[in-house]
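[1] A predicted structure for the sequence below; I have some questions about it.
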Protein chains: 2
Amino acid sequence: MNLPSDDLLQPVEGGLAWITGDGPHAGVILSTRIRLARNLERYPFRETISGSQQELVMEEIVEAFESTSNDMRQFVRLADLPETDLTVLLERHLVSREMVKFREASGLLVGDGGRLALLINEEDHVRIQALTPGLQIETSWQIASRTDETLRSQLRFAYHHRFGFLTSCPTNTGTGLRASVLAHLPALVLTREIAKVLQGLAQIGLTFRGLYGEGSDVIGNYFQISNQTTLGKSEDELVDHLGQITRQVIEYEENARQVLVRDALDEIEDKVWRAYGLMTCARSLSFDEMMNLLSAVRLGVSMKLLPRIGVSTLNQLLLWTQIAHLEKRAGRKLDKREREIERASLVREMLAEEGQDTDE
Amino acid sequence: MNLPSDDLLQPVEGGLAWITGDGPHAGVILSTRIRLARNLERYPFRETISGSQQELVMEEIVEAFESTSNDMRQFVRLADLPETDLTVLLERHLVSREMVKFREASGLLVGDGGRLALLINEEDHVRIQALTPGLQIETSWQIASRTDETLRSQLRFAYHHRFGFLTSCPTNTGTGLRASVLAHLPALVLTREIAKVLQGLAQIGLTFRGLYGEGSDVIGNYFQISNQTTLGKSEDELVDHLGQITRQVIEYEENARQVLVRDALDEIEDKVWRAYGLMTCARSLSFDEMMNLLSAVRLGVSMKLLPRIGVSTLNQLLLWTQIAHLEKRAGRKLDKREREIERASLVREMLAEEGQDTDE
């Protein structure tokens, strides 16, 4: 299959550790992300920094990281990358639209076996991002905080004795920490309990959004759950809090799945097999439709109704059926119609391979 | 597969010759039917005939047929059959609701390799029915008319020198002939030309209805096209007329399919493959949904987009997914939910066998 070859994993191989789908609770939680926002003391923040100062910021951060860590795999300057590669990185959540917009002075450092990314000259001078498969808040936190310490041994971050770490946007000030999990909650949606659960999150300082960041619609029943506040609580408290609540959400979702098995097994079997039938046969798939089919198939896999498919294949599909990934694979720009045909073709290919690989 | 076994083909094996799908123009015309309505001179018609007279009618017809023809395969009295078998025969169009209602004196004679059926004590004393696969108006006409002559060599049918053969309902008087073809016209439906074609039929003395007889909705894009009048034209004229018009309808449909290939191949491929995906994967199928999926798959087969499936399998599906056939196979009554699950299971089984049988 013309897929995750080394060539196509370029421009960077990092940030894809989550795709293995082999973390704890991978049937509900796709990935766990910890992000720390940091700024160097001696430079102005985003709003007033000059291009040459940004260049210095980038140099200092890369140097500090290289000199103290064996983790580094790759460093890329965004300005050096062609447009498609930038969009590929966007689709992998390894760079932000902000960075692409101001690409002249933006860079990306990846390391730690694909679990760590440093986004340089994003909204803040650096954002340390640790991304792990399944529910691994503690591990993600260790990766991020170890990297934070590594950098701090060489650099001085802007810090206020009362407020904590200072950030470009005040909503990040304090710990600068955003901890989030990407949860797949189809059974809570099907049993119509999801609204209650989401309301509950808001009441305890957590928030949710769709798969594609702030303001994005929830499609495919994927919910990013994260802490709303960064101030007034310690890092450990924030991380523990998200861990506790996530475990509760997992329990709700698993209960809802059991309710489905008990009360509506026929309907669920029909639903997940139909989704599988469409994914393996359709000749044209929009992204939204595919996300919804993928959600049903993922539910079927986690309920062991579709025995032959692995979670990692589903994660690969999530990644490789995005526009820039499809164009990267095709080696050219694709219009909407071509994309939908390419997407369907890729989905068929990946699921057909999966069907042959294992025998259960 | 627990299917067309001898046992399940009971109560009678007849009337199923059309299912082979190997007649001319089988990609558009499923079957051709010629029916002759006849009544014995010496007995009252349906409205006033007594039970014992009906018994005599049945005896005379069976005797006349047996003594002069080597074609006979089987004779059944409807009163001897359990309810499910009667419904099975109804679903095969070998008996009518009328016959089932007045089953005490109704009988069915089948012969000629499954192409001939004599419906005794239906609305008329006997209806001679010839059913062949594909477009075979001439052959069907020969089978029916040969049988008519056979019977006439022994029996006297009610005949009026001016009106022709007399029938229970005046709309059949004259030739007593109804010639019909079962046409699958999905491309004319997709290209929205079907209304024009059907209007054209009405203007030249033909009529259409759905697959399940008078007043039935058109589902699955199946249209029964037949002559509207029986009076004032000779049998040959009626038969020729239907033949000519049917060849024209086939041409319209084939042109429409070429238009689809030219202008919308991607969409059609997507449509037929999706239908195939749903049929091979769904765990529950209503009859109407299956008919629509089957229609798309049939279109795909005839356009060679789905190479592995034979028309005869599609015809089998049309037959065996009907309620009484499903119950016959299951060996018990099924409620709606059970039927939909059984139907989906049968469809999967038959298509899976098909996928393995041939390699193209």
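    Received it, and whenever you're ready, just let me know what you need. Numbering: from 1, shown residues only, chains lettered A, B, ... in the order given.
[2] as a whole number, average confidence for the lengthiest strand in chain A?
    Counting by DSSP state E, the longest strand found in chain A is strand A:29-38. Averaging pLDDT along strand A:29-38 yields 96.
[3] Stretch A:298-305: how far from the chain's middle?
    Distance of stretch A:298-305 from the chain centroid (C-alpha atoms, centre = their mean, to the nearest Å) equals 22 Å.
[4] ok, and what's touching it?
    A:27-28, A:184, A:186-187, A:257, A:260-261, A:268-269, A:272-273, A:275-276, A:306, A:309-311, A:314 (C-beta atoms under 8 Å, 6 or more residues apart in numbering or on different chains). C-beta: built from backbone N, CA, C; applies to glycine.
[5] CA atoms only: put that stretch into CSV for me.
    This file holds the C-alpha atoms of stretch A:298-305, laid out as CSV (Å, rounded to 0.1, in the frame of the first residue of the first chain):
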residue,chain,number,x,y,z
ARG,A,298,-14.7,2.2,15.6
LEU,A,299,-17.7,1.5,17.9
GLY,A,300,-18.1,-1.9,16.3
VAL,A,301,-14.4,-2.7,16.7
SER,A,302,-14.4,-1.8,20.4
MET,A,303,-17.5,-3.9,20.9
LYS,A,304,-15.9,-6.8,19.1
LEU,A,305,-18.6,-6.8,16.5
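[6] Tell me how confident the model is about it, as a mean pLDDT.
    For stretch A:298-305, the mean confidence score works out to 94.
[7] for stretch A:80-95, same thing?
    89.
[8] distance between that stretch and the chain's centre?
    14 Å.
[9] and the stretch 251-360 of chain A, which of its residues are near chain B?
    A:266-267, A:269-270, A:273-274, A:276-284, A:337, A:341, A:344 (C-beta under 8 Å from any C-beta of the partner chain).
[10] three-state assignment of the closest residue to A:Ser31 other than its chain neighbours?
    Excluding the flanking residues, the one nearest A:Ser31 by C-beta to C-beta, 6 or more residues apart in numbering or on different chains is A:Trp18, at 3.7 Å. For A:Trp18, the assignment made with DSSP: H, G, I helix; E, B strand; the rest coil gives helix.
[11] Quick check: A:Trp18 vs chain B, distance?
    Plainly put, A:Trp18 is 29 Å away from chain B if you go by C-beta to the nearest C-beta, to the nearest Å.
[12] Is A:Val62 in contact with A:Leu108, as I believe?
    No. Assessed by C-beta atoms under 8 Å, A:Val62 is found out of contact with A:Leu108, at 10.4 Å.
[13] circling back: from the contacts of stretch A:298-305, list the buried ones, please.
    Buried members of the contacts of stretch A:298-305, scored by 16 or more other C-beta atoms under 10 Å in any protein chain shown, are A:27-28, A:184, A:186-187, A:257, A:260, A:268-269, A:272-273, A:275-276, A:306, A:309, A:311, A:314.
[14] Break chain A down into its structural domains.
    Domains of chain A are assigned by automatic domain parsing as A:17-253, A:254-359.
[15] a markdown table for these, including distance to B:Leu36?
    As requested, the domains of chain A are exported to a markdown table (distance: least, C-beta to C-beta, whole Å):
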| stretch | distance to B:Leu36 |
| --- | --- |
| domain A:17-253 | 57 |
| domain A:254-359 | 45 |
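[16] pLDDT below threshold where in the stretch 251-360 of chain A?
    Within the stretch 251-360 of chain A, the stretches with pLDDT under 70 are A:355-360.
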